[in-house]
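> Generate coordinates for the sequence data below:
(chains A and B)
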Number of protein chains: 2
Amino acid sequence: MNQLLVSPTDFIATDRVRISDRRLQHLNQIHKASVGQSLRAGCLNGLQGEATILAIDQQAAELQLNLHSQPPAKLPLTLILALPRPKMLRRTLQTIASMGVNTLVLINSYRVEKSFWQTPFLQPDAINAELILGLEQARDTVLPEVILAKRFKPFVEDELPALAVNTRGIIAHPGDYPECPRALTEPVTLAIGPEGGWIPYEVDLLAQAGLQPVQIGERILRVETAVPALLARLF
Amino acid sequence: MNQLLVSPTDFIATDRVRISDRRLQHLNQIHKASVGQSLRAGCLNGLQGEATILAIDQQAAELQLNLHSQPPAKLPLTLILALPRPKMLRRTLQTIASMGVNTLVLINSYRVEKSFWQTPFLQPDAINAELILGLEQARDTVLPEVILAKRFKPFVEDELPALAVNTRGIIAHPGDYPECPRALTEPVTLAIGPEGGWIPYEVDLLAQAGLQPVQIGERILRVETAVPALLARLF
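A predicted model of the protein is given here:
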């Protein structure tokens, strides 16, 4: 927890919060926090700055906030990600938030197991919990927008063209394609497939929506490795 | 398991192996493998190609090998990594092998908890087990060299200069430093610090050994995210 992230429901006055959940445990156990101590803080989807501990015990902590700075800029990126298996989903959500992805679309694909859509980790609160861990890690405050696209074809045909308009559209796909570009400054729409990759029909539909296949070499990476690798290369 | 990786002890003839461990389970349960089926295979630290199943049941499988191709090229990289906590170590070892790191130095740092050096996951067999998972994932066969440097100063003063000679030396470190370079083709020695970063004394010693600090932006990434991000940016 490189930053204490507070949300509107934590406030007990304009500039004061009271917390009593895992963040309190972290302050007590990891930070060994005591009254008067100051730490980095941010308000969810808002400013960041410092918080000073006014009172703390095993039940709750009260902190005075001094928030004055904008969070770091987001990547101008819409990431279209074939839904990973639940365990990988959780870590990947953290990575996506910590690297500053603006919009995430979790999408179905022929090679996504149907059961993955049943995981409780796709509940909005569960998604937000992982994203918040990523924001705390990276000292950001702004949640990425998350869209669940349980049906591939309607999303790619009806919604993706509008999302991808005026962006550089890229499909990460192994094969005889151009190399993935580097150090882009323009907005990007990036599609990353499931284990085993997109099927040709899916690549075709994504291409019709304006995305072009690129490759990043012959090594096959797990999604949790491919995501940071592609983002670091693109921006 | 994108590739079946066999080792010299699996051979029962020049071009034939017998396996009976987790790889057999994987063949039975995930691949639903049957006699006559062919799959990608490689020999540890050797060639890669295909294996054809000659016999398979719940106890063992026998496969005929046809190995003819060189594995993918390694990254010309010596990665000096402050020892991560055990859980993160395991995943990071997989990532390092799958991305093709040539040499890994796990090193102590002021901010590495002493207990991390006691983990059973640092036993040579345990390290190799994780590296092999990474090689299977990426369809590589060649284990990275792994060096354990339990004492920072003697390693950096006495051994690092020889390792880093004729390479581009880089320290990933937050702060007012030049941007991390991109798309290098020369050999690189890259040092990545622990949670909380290198201390100034450590940065100084690394600099004396020929490494220069660079930064990759204000977001603080977990080591398992920073490693693929830095590697994808550098090469």
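> what does chain A put close to chain B?
A:2, A:72, A:91, A:94-95, A:98-100, A:137-140, A:182-183, A:216-222, A:224-226, A:228-233 (C-beta under 8 Å from any C-beta of the partner chain). Bear in mind the C-beta positions are built from the backbone N, C-alpha and C, glycine included.
> Which ones among those residues map onto helices?
Within these, membership in helices is found for A:91, A:94-95, A:98-99, A:137-138, A:224-226, A:228-233, as judged by DSSP state H.
> Quick check: phi and psi at A:Leu5.
In terms of degrees, to the nearest 10, the main-chain angles of A:Leu5 are phi -110, psi 120.
> For it, which residues are in contact?
The contact partners of A:Leu5, by C-beta atoms under 8 Å, 6 or more residues apart in numbering or on different chains, come to A:Arg23, A:Ala41, A:Gly42, A:Cys43, A:Leu44, A:Ile132, A:Leu135, A:Glu136, A:Thr141.
> switch the cut-off to 6 Å
Contacts for A:Leu5 (C-beta atoms under 6 Å, 6 or more residues apart in numbering or on different chains) come out as A:Gly42, A:Leu44, A:Ile132, A:Leu135, A:Glu136.
> do the same with A:Pro228
Residues near A:Pro228 by C-beta under 6 Å, 6+ apart: A:Thr95, B:Thr225, B:Pro228, B:Ala229.
> In ChimeraX, select just the buried ones from the residues you listed.
Here is the ChimeraX command that selects the buried residues among those (16 or more other C-beta atoms under 10 Å in any protein chain shown):
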select /A:95 /B:225,228,229
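> May I see the contacts of A:Pro228 organised as a markdown table, with distance to B:Phe121 added?
Output for the contacts of A:Pro228, formatted as a markdown table (distance: C-beta to C-beta, whole Å):
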| residue | distance to B:Phe121 |
| --- | --- |
| A:Thr95 | 22 |
| B:Thr225 | 20 |
| B:Pro228 | 20 |
| B:Ala229 | 23 |
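> Adding pLDDT and distance to B:Gly175, write the contacts of A:Pro228 out as JSON lines.
Formatted as JSON lines, the contacts of A:Pro228 follow (pLDDT from 0 to 100; distance: C-beta to C-beta, whole Å):
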{"residue": "A:Thr95", "pLDDT": "98", "distance to B:Gly175": "23"}
{"residue": "B:Thr225", "pLDDT": "96", "distance to B:Gly175": "19"}
{"residue": "B:Pro228", "pLDDT": "98", "distance to B:Gly175": "22"}
{"residue": "B:Ala229", "pLDDT": "98", "distance to B:Gly175": "17"}
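> Can you tell me which of the contacts of A:Pro228 is closest to A:Phe116?
Nearest to A:Phe116 among the contacts of A:Pro228, counting by C-beta to C-beta, is A:Thr95 at 17.7 Å.
> Pull the contacting residues for the closest one.
For A:Thr95, the set of contacting residues under the criterion of C-beta under 6 Å, 6+ apart consists of A:Val227, A:Pro228, B:Thr225.
> how about a cut-off of 8 Å?
By C-beta under 8 Å, 6+ apart, the neighbours of A:Thr95 are A:Gly134, A:Glu224, A:Val227, A:Pro228, B:Arg222, B:Thr225.
> Identify the residues contacting the host helix or strand of the first one?
Under the criterion DSSP states H and E, the helix or strand holding A:Gly134 is helix A:124-138. With C-beta under 8 Å, 6+ apart as the test, helix A:124-138 has contacts from A:1-5, A:42, A:44, A:72, A:89-91, A:93-100, A:120-121, A:140-144, A:146, B:219-222.
> From the contact counts, what lies against whatever helix or strand comes next after that helix?
Next helix or strand after helix A:124-138 toward the C-terminus (DSSP H and E): strand A:145-149. Based on contacts counted as 3 or more C-beta pairs under 8 Å, 6 or more residues apart in numbering or on different chains; DSSP states H and E, the elements that strand A:145-149 packs against are strand A:101-107.
> Kindly recompute the last result at 10 Å.
Judged by 3 or more C-beta pairs under 10 Å, 6 or more residues apart in numbering or on different chains; DSSP states H and E, the packing partners of strand A:145-149 are strand A:75-82, helix A:86-99, strand A:101-107, helix A:124-138.
> Show me chain A divided up by domain.
A:4-69, A:75-234 (automatic domain parsing).
> Output the ones you listed in CSV; the columns should cover distance to B:Ala191.
Listed next are these as CSV, based on distance: least, C-beta to C-beta, whole Å:
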stretch, distance to B:Ala191
domain A:4-69, 25
domain A:75-234, 17
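> out of those domains, deepest packed?
Counting by mean count of other C-beta atoms under 10 Å in any protein chain shown, domain A:75-234 has the highest mean neighbour count of those, with a mean of 19.
> Where does pLDDT dip in chain A?
Counting by pLDDT under 70, chain A contains no low-confidence segment.
> 90 instead, please
Counting by pLDDT under 90, chain A contains low-confidence ranges at A:1, A:174-175, A:195.
> Return the distance of the nearest residue to A:Ser69 once chain neighbours are set aside relative to B:Ser20.
Counting by C-beta to C-beta, 6 or more residues apart in numbering or on different chains, A:Ser69 lies nearest to A:Gln48, which is 5.3 Å off, once chain neighbours are set aside. Counting by C-beta to C-beta, to the nearest Å, the separation of A:Gln48 from B:Ser20 is 55 Å.
> who touches A:Pro161 in this structure?
If you count contacts by C-beta atoms under 10 Å, 6 or more residues apart in numbering or on different chains, A:Pro161 has them with A:Gly169, A:Gln208, A:Ala209, A:Gly210.
> Would you enumerate the residues in contact with the second one?
Counting by C-beta under 10 Å, 6+ apart, A:Gln208 touches A:Val156, A:Glu157, A:Leu160, A:Pro161.
> how does it look with 6 Å?
When the contact criterion is C-beta under 6 Å, 6+ apart, A:Gln208 has no partners at all.
> Please report how far it lies from chain B.
Taking C-beta to the nearest C-beta, to the nearest Å as the measure, A:Gln208 and chain B are separated by 28 Å.
> Same check on the last one?
In this structure, A:Gly210 and chain B are separated by 24 Å, where distance is defined by C-beta to the nearest C-beta.
> right, and the secondary structure at that residue would be what?
At A:Gly210 the chain is in coil, as set by DSSP: H, G, I helix; E, B strand; the rest coil.
> Test my guess that it contacts A:Ala164.
Yes. Here A:Gly210 reaches A:Ala164: they are 4.8 Å apart, a contact under C-beta atoms under 6 Å.
> Run through who's touching the helix or strand hosting A:Glu50.
A:Glu50 is located in strand A:48-56, with elements delineated by DSSP H and E. By C-beta under 6 Å, 6+ apart, the surrounding residues in contact with strand A:48-56 are A:4, A:33, A:35, A:37-39, A:41-42, A:62-69, A:71, A:141.
> Filter those down to the ones in strands?
Secondary structure from DSSP state E places A:4, A:38-39, A:41-42, A:62-69 of the contacts of strand A:48-56 in strands.
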